[in-house]
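Asks: need coordinates for the below:
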Amino acid sequence: MTGSFVVEPLASGHDRTEFTCEVDALDRYLRHQAGQDVRRRATACFVAREIATGRIAGYYTLAAGGILLAEVPATLAKLLPRYPSVPVPRLRRLAVALPYHGN
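Replies: Residues are numbered from 1 along each chain as shown. Next up is the predicted model:
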């Protein structure tokens, strides 16, 4: 299955009921927990939706994190402000629906 896709923030109008990537924890998270985490601002969830069918082809979540400046390579650290830690986005979950594997 190939087509045109749009990546957008998870919204209540997205049909999550039929999503499966065959990893139970990832399937359950999207169906039951992702919306709550987004509302609580614990994470940001984005879905890749096939435009023609409206089906969710995949999703990923991002959360805020930080790393100690001392752990950043010196060549990069010298370009950053001298704070104890550097903010970074963390990719928390990534899943592709089974029909879209290999695309």
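
Asks: need the three-state assignment for the residue nearest to Gly54 when sequence neighbours are not counted.
Replies: Spatial nearest neighbour of Gly54, excluding adjacent residues (C-beta to C-beta, 6 or more residues apart in numbering): Asp15 at 6.9 Å. Where C-beta positions appear, they are placed from N, C-alpha and C, glycine not excepted. Assigned by DSSP: H, G, I helix; E, B strand; the rest coil, the conformation of Asp15 is coil.

Asks: who's in contact with Asp15?
Replies: Each residue near Asp15 by C-beta atoms under 8 Å, 6 or more residues apart in numbering is listed here: 54-56.

Asks: give me the buried subset of those residues.
Replies: 55-56 (16 or more other C-beta atoms under 10 Å).

Asks: just send the contacts of Asp15 back as JSON lines, with secondary structure and pLDDT too.
Replies: Formatted as JSON lines, those follow (DSSP: H, G, I helix; E, B strand; the rest coil; pLDDT from 0 to 100):
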{"residue": "Gly54", "secondary structure": "coil", "pLDDT": "94"}
{"residue": "Arg55", "secondary structure": "coil", "pLDDT": "95"}
{"residue": "Ile56", "secondary structure": "strand", "pLDDT": "97"}
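
Asks: Glu8: which of the contacts of Asp15 is nearest?
Replies: Ile56 (10.2 Å; C-beta to C-beta).
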